[in-house]
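Participant: Just the structure for this:
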Amino acid sequence: MLRTVPAAALAPTALATSDMKTAEAAPSQQQQEQQKMKDCNDKRKEERARTGVKGGTAYRKFLAACLKKAPA
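Facilitator: Below you'll find the predicted structure:
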């Protein structure tokens, strides 16, 4: 005996697969942003050692400029 499956029964599976692809893409983007923050923080430490400029305002200004730059 052959059993037929209605098309509506397959639709939720297709949606779940689509949601999984979106969920898998998100960590990759998040990891890239985290890596960029780590790189900018390392650059800030180097600049601070070189120039001696301290303070939260200088840090925020440097970080904003660093994060706006295109990735190398």
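Participant: which residue packs closest to residue 41, ignoring adjacent ones?
Facilitator: residue 63 (7.8 Å; Cβ to Cβ, 6 or more residues apart in numbering). In this view, the C-beta of every residue, glycine as well, is placed from N, C-alpha and C.
Participant: pLDDT score for that neighbour?
Facilitator: Among the per-residue scores, residue 63 shows a pLDDT of 90.
Participant: Does residue 59 touch residue 44 like I think?
Facilitator: Yes. Residue 59 lies in contact with residue 44 (Cβ atoms under 8 Å); the separation is 6.4 Å.
Participant: hmm, back to that, correct me, but the residue nearest to residue 41 touches residue 40?
Facilitator: Yes. Counting by Cβ under 8 Å, residue 63 sits close enough to residue 40 to count as a contact (5.7 Å).
Participant: Kindly provide the distance from residue 69 to residue 60.
Facilitator: For residue 69, the distance to residue 60 under the criterion Cβ to Cβ, to the nearest Å works out to 15 Å.
Participant: where's the residue nearest to residue 41, which helix or strand?
Facilitator: Assigned by DSSP states H and E, residue 63 belongs to helix 56-68.
Participant: and that helix, C-alpha only, in CSV?
Facilitator: Output for helix 56-68, consisting of C-alpha atoms alone and laid out as CSV, is shown next (Å, rounded to 0.1, in the frame of the first residue of the first chain):
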residue,chain,number,x,y,z
GLY,A,56,37.5,56.9,28.2
THR,A,57,36.9,59.7,25.7
ALA,A,58,40.0,58.9,23.8
TYR,A,59,39.2,55.2,23.9
ARG,A,60,35.7,55.7,22.5
LYS,A,61,36.9,58.0,19.8
PHE,A,62,39.6,55.5,18.7
LEU,A,63,37.2,52.6,18.9
ALA,A,64,34.6,54.3,16.8
ALA,A,65,37.2,55.2,14.1
CYS,A,66,38.6,51.7,14.1
LEU,A,67,35.2,49.9,13.8
LYS,A,68,34.2,52.2,10.9
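Participant: Now tell me what touches that helix from outside.
Facilitator: Contacting residues not belonging to helix 56-68 are listed as 36-37, 39-41, 43-44, 47 [Cβ atoms under 8 Å, 6 or more residues apart in numbering].
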